[in-house]
Structures are given as C-alpha cells and as structure tokens.
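Colleague: Here is my input; please provide its structure:
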Amino acid sequence: MTEEKWRAIVANDASADGRFFYAVKTTGIFCRPSCKSKPPKPGNVVLFGKAEEALAARFRPCKRCKPTGRRLPDEEWISLVTEYIDSHYEESLTLDALAEMSHGSPYHLHRTFKKVKGVTPVEYVQRRRIERARELLAGTDRAVNEIGPAVGLPNLPYFITLFKKRTGLTPAAYRERHASRQSKEVSNYGESN
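Modeller: I've put the predicted structure just below:
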C-alpha cells in the first residue's frame, strides 16, 4: 500500500473512488476510499483495483459506501455480523461496535438483525455467551468466576444473574446437575454391560 492510498482511505477521499478499493481482513468487508467508516489498521488492509477482485477474494461489499453500486442483502449483512459475534463473543460487543464493524448504523443494524434473526444483536450475544458458558461448566473444572470473563461477562454477579435468567439455574447448580446426569449415565452404562 502506498502512502497516497493510505491517506485517501484515512481522509475518506472521494477523488480516489474508482482508482482502487480496500478490504479489511478482520471484518471481511471491502469499501471505496471515500467510505466514512472508521479507518482500519493498515496491517488489516488488502487493496484491489476492481470491486470484482474483492468479491472474487470473498470479501463482502460495505453496507455504508456500496462499492459495487448495489446494496448488500440484509440476510448477507446479518450473516456477516452473526459470524463476527460467534468468533468474538468474549470481547466487549456493543451495538455501536457491531455497527461500526459491519459499516452500518446502530439503529439499522438493531432493526435488521431483529427482522432477520428474530432477536436483537444484544440478545444474540448473550445467548452465545451463555451457550459457551454451559459448555465450559459441563466440560471443564474451571471456576465459575473464571468462566464469566472467558465468555465476555467479567462482572460475576451479572454473569450469574444472566445465566440463571437464561437457564433457570445458577452456574454452580448447572454444573452440579450436569455432573450428576453424567454419573447416572456412567452407572447405567455399567449396569447394562
């Protein structure tokens, strides 16, 4: 990447539109130089001469600057956001951060996500975190106060409250119930042999 192209990206220079496109490896999205989205880290940028090249490299067009001239279908956009949440659930994921990452507005993301998925982005993030917490409680002996931060919920009382709200049990009770089920399955298996 040349210094001139980097300056065009950072300055949202409309005069550079059509000369090149840039894609961001961490988001899987490509843009025009004039895109008003937050500038990416230079190490995450890949340059293309044409939009078709970015599409061929499996990058998706930005919802904000529409580098292909067409709008990204809502289902594709929400799929991109969902994939991001699934692989970054342990990080701080606010609606604003998700909107910035996906090159949309928070309001539009919230409304479109709920229309496509049936839940809000925040609800989806919480579900993913609790799902992972259940896996860790059942499959490891990590302490409850370590599991919360590992799934993106560093506030222990909030983690316990949210877990109980979603599962009907506290994390400790969930682990205990899961352990007793496993020991019953093991003893039943031994009796049948």
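
Colleague: which residues sit in contact with the residue nearest the centre of the chain?
Modeller: Residue closest to the average C-alpha location in the chain (CA atoms, centre = their mean): I85, at 1.9 Å. For I85, the contacting residues are 93, 98, 121, 124-125, 128, by CB atoms under 8 Å, 6 or more residues apart in numbering. C-beta here means a position set from N, CA and C on the backbone, and glycine is covered the same way.

Colleague: same thing with K66?
Modeller: The contact partners of K66, by CB under 8 Å, 6+ apart, come to L72.

Colleague: Same question for F30.
Modeller: Going by CB under 8 Å, 6+ apart, F30 touches 21-24, 48, 51, 54-55, 59-62, 67.

Colleague: Between those residues, which sits nearest L80?
Modeller: Proximity of the contacts of F30 to L80 (CB to CB) peaks at R60, which lies at 5.8 Å.

Colleague: Tell me how many other residues surround that closest one.
Modeller: By other CB atoms under 10 Å, 22 other residues sit near R60.

Colleague: Next secondary structure after the strand or helix carrying E83?
Modeller: Element membership for E83, per DSSP states H and E: helix 74-88. For helix 74-88, the succeeding helix or strand toward the C-terminus, using DSSP H and E, is helix 95-101.

Colleague: now the helix or strand following that following helix, how far from the centre of its chain.
Modeller: With elements assigned by DSSP H and E, the helix or strand that comes after helix 95-101 is helix 106-117. Remark: helix 106-117 is offset 14 Å from the chain centroid, using CA atoms, centre = their mean, to the nearest Å.

Colleague: can you give me the helices in this structure?
Modeller: 3-10, 51-56, 74-88, 95-101, 106-117, 121-139, 144-150, 156-167, 171-192 (DSSP state H).

Colleague: ok, and for the fourth one, which residues are buried?
Modeller: Spelled out, that is helix 95-101. Buried residues in helix 95-101, defined by neighbour count with 16 or more other CB atoms under 10 Å: 95, 98-101.

Colleague: Quick one: mean pLDDT for it?
Modeller: Per-region confidence: helix 95-101 scores 88 on mean pLDDT.

Colleague: for the fifth one, same thing?
Modeller: Averaged across helix 106-117, the pLDDT comes to 93.

Colleague: Next: the longest one.
Modeller: Mean pLDDT, taken over the full extent of helix 171-192, equals 70.

Colleague: ok, now the third one?
Modeller: Confidence for helix 74-88, expressed as mean pLDDT, is 89.

Colleague: and it, which residues are buried?
Modeller: Within helix 74-88, the residues that count as buried by 16+ other CB under 10 Å are 77-78, 80-82, 84-85, 88.

Colleague: Export those residues as JSON lines, with columns for distance to T2.
Modeller: Shown next, in JSON lines, are the buried residues of helix 74-88 (distance: CB to CB, whole Å):
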{"residue": "W77", "distance to T2": "31"}
{"residue": "I78", "distance to T2": "35"}
{"residue": "L80", "distance to T2": "28"}
{"residue": "V81", "distance to T2": "32"}
{"residue": "T82", "distance to T2": "35"}
{"residue": "Y84", "distance to T2": "29"}
{"residue": "I85", "distance to T2": "34"}
{"residue": "H88", "distance to T2": "31"}
